[in-house]
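Visitor: Structure here, sequence nowhere to be found:
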């Protein structure tokens with residue numbers, strides 16, 4: 001490595017001079033600021049900054065520069081220490097002694113490092129290298145931190161298809177095939193459903209200043225599951241207790257056995273309520289209801305009935321609600337068509353047509369296919385809306401909306417406050433329990449109320465920990481949804497007809513003319529139409 005340039009103070013005939021040693025080819029030249037810093041460091045009296053600046057910039061170093069006349073005490077070899085902001089490294093720059101000045105020793109350099117706060121990772125090999133070669137004008141790495149051992153986030157491996165969105169195939173004629181949806185995932189009793197690889201938080205390092213350097217934060221996850229599932233003793237695996245249907249809804253694994261209705265849901269069956277999945281071979285007649293903690297699959301037509309599902313709803317021949325039909329799903333909804341119906345869906349929705357219905361979703365809505373029409377009523381969600389045709393030439397009042405995330409943001413803030421309050425309550429319990437246990441360990445007398453508190457604490461503590469975990473999980477899901485839907489838009493693959501009311505995150509627009517192949521996005525205080 002080519003030597004860098006440096007300077008040295010010389011005493012001669014009662015005068016102080018500055019001699020410059022230019023860098024070798026490929027080396028670096030010092031700056032005027034380097035000279036000023038050194039002179040300030042040694043408290044050199046009344047030097048001429050302008051003269052030094054001109055001397056260095058002229059690059060004529062055959063003769064030294066006169067700094068001061070009169071006897072001056074010789075300066076010893078010196079060093080300056082600089083430390084990176086996070087304390088990863090300590091750099092040292094050395095300056096040669098003036099005429100008659102003493103040289104640094106290993107003990108001197110270590111003392112200067114410690115005076116600068118460096119107490120960890122000192123590289124004695126680098127110190128000895130300098131003492132052997134005395135290279136000036138360069139920075140030595142004289143101390144290095146012990147880096148943290150980085151951890152890793154928890155991972156969950158699922159042993160079943162976790163794609164919860166049914167994706168019907170488009171036929172050659174443009175219609176949608178709702179017969180083979182592939183959204184029923186069968187599972188046998190004893191099957192492994194998921195495995196958790198726990199998070200490793202890592203290990204803190206030590207800076208050159210002796211302070212801890214924390215590793216990067218990692219994401220902690222837990223296996224979340226419902227009934228009919230067993231958790232292994234090490235809490236790293238879950239298994240199905242029954243043969244049935246497995247689903248994943250917002251990171252929660254659910255297994256349910258399927259209840260088959262061989263014909264219609266009518267007066268012969270009455271209303272149906274089941275803890276698992278319900279599959280209907282025929283129709284669901286007007287006035288009847290199905291409530292299932294799992295999925296609901298109807299192979300026939302749903303009339304003015306009520307379907308409430310803790311999982312997904314699949315209507316292979318659609319719903320003619322007659323203004324009294326209702327669908328509610330914690331998961332996704334897939335239907336051939338929806339007409340004169342009320343729909344509430346916490347997942348995504350796919351259909352060939354939505355006509356004169358009130359639809360509220362939290363995830364993506366897709367109304368595709370040859371017709372793929374939304375006409376009449378109201379359709380809204382937080383995520384994207386993709387439709388082939390929006391509105392109609394008949395001008396039925398149609399409102400389509402991307403909902404603002406304001407209520408989700410408020411909820412995340414409320415959850416944060418609730419988590420902090422619960423953590424404080426948990427910490428208070430732990431402090432009191434610790435004091436009582438200390439008394440027990442010392443065989444001191446425990447008051448009856450303290451014993452009662454200790455007993456109650458063993459019951460309350462797990463409850464509080466569960467509340468904290470559940471609220472953190474909910475907040476994390478909401479934050480992911482907010483981030484995911486920041487750029488949600490309304491996409492029209494064919495025609496949007498005039499008269500349609502379009503709302504994107506609280507900004508409203510009435511479409512005054514029919515247009516084709518476009519997207520509607522929010523642009524400041526306006527709804528903007530852009531091409532596909």
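Guide: All right, it came through fine. Predicted, not measured: the structure shown is a model, and the values here were computed from it.

Visitor: from here on, contacts and neighbour counts on C-alpha atoms
Guide: Noted.

Visitor: Please name the residues that touch residue 312.
Guide: Going by C-alpha atoms under 8 Å, 6 or more residues apart in numbering, residue 312 touches 294-296, 329-333.

Visitor: ugh, typo on my part, it should be residue 149
Guide: For residue 149, the contacting residues are 202-205, 215, by C-alpha under 8 Å, 6+ apart.

Visitor: Need the max-distance pair from those residues.
Guide: Distance extremes for the contacts of residue 149: the farthest pair is 202 and 205 at 9.5 Å, using C-alpha to C-alpha.

Visitor: More neighbours: which of those two?
Guide: A direct count of neighbours by other C-alpha atoms under 10 Å for residue 202 and residue 205 places residue 205 higher, at 19 against 16.

Visitor: Skipping its backbone neighbours, what lies nearest the more buried one in space?
Guide: Closest residue in space to residue 205, ignoring its immediate chain neighbours: residue 148 at 3.7 Å, by C-alpha to C-alpha, 6 or more residues apart in numbering.

Visitor: burial count for that neighbour?
Guide: The tally of other residues near residue 148 (other C-alpha under 10 Å) stands at 17.

Visitor: hang on, isn't it packed against residue 214?
Guide: Yes. With contact defined as C-alpha atoms under 8 Å, residue 148 and residue 214 form a contacting pair (6.4 Å).

Visitor: so what's in contact with those two at the same time?
Guide: Counting by C-alpha under 8 Å, 6+ apart, the residues touching both residue 148 and residue 214 are 203-205.

Visitor: ok, those vs residue 237, which is closest?
Guide: Using C-alpha to C-alpha, residue 203 is the member of the shared contacts of residue 148 and residue 214 that sits closest to residue 237, with 26.0 Å.

Visitor: so what's that closest one up against?
Guide: With contacts defined as C-alpha under 8 Å, 6+ apart, the neighbours of residue 203 are 148-151, 214-215.

Visitor: before we move on, back to that, return the subset of the shared contacts of residue 148 and residue 214 lying in strands.
Guide: residue 205 (DSSP state E).

Visitor: Just send the shared contacts of residue 148 and residue 214 back as CSV, with distance to residue 444 and pLDDT too.
Guide: Shown next, in CSV, are the shared contacts of residue 148 and residue 214 (distance: C-alpha to C-alpha, whole Å; pLDDT from 0 to 100):
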residue, distance to residue 444, pLDDT
203, 38, 95
204, 39, 95
205, 41, 95
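
Visitor: circling back: can you pull the residues that touch both of residue 202 and residue 205?
Guide: Residues within reach of residue 202 and of residue 205 at once, by C-alpha under 8 Å, 6+ apart, are 148-149, 215.

Visitor: where does residue 472 land in three-state SS?
Guide: For residue 472, the assignment made with DSSP: H, G, I helix; E, B strand; the rest coil gives helix.

Visitor: Would you agree it is in contact with residue 419?
Guide: Yes. Residue 472 lies in contact with residue 419 (C-alpha under 8 Å); the separation is 7.3 Å.

Visitor: quick one, which of the two is more surrounded?
Guide: Neighbours were counted for residue 472 and for residue 419 using other C-alpha under 10 Å; residue 419 has more, 21 against 17.

Visitor: Okay, buried residues for whichever strand or helix holds that one please.
Guide: Using DSSP states H and E, residue 419 sits within helix 406-441. Buried residues in helix 406-441, counted by 16 or more other C-alpha atoms under 10 Å: 408, 411-412, 415-416, 418-419, 422-423, 426, 429-430, 433, 436.

Visitor: how about the strands in the stretch 101-250 of the chain?
Guide: Along the stretch 101-250 of the chain, counting by DSSP state E, counting those that start in this stretch, strands occupy 139-144, 155-158, 169-170, 176-177, 186-187, 192-197, 205-206, 212-213, 224-225, 229-231, 237-240, 244-249.
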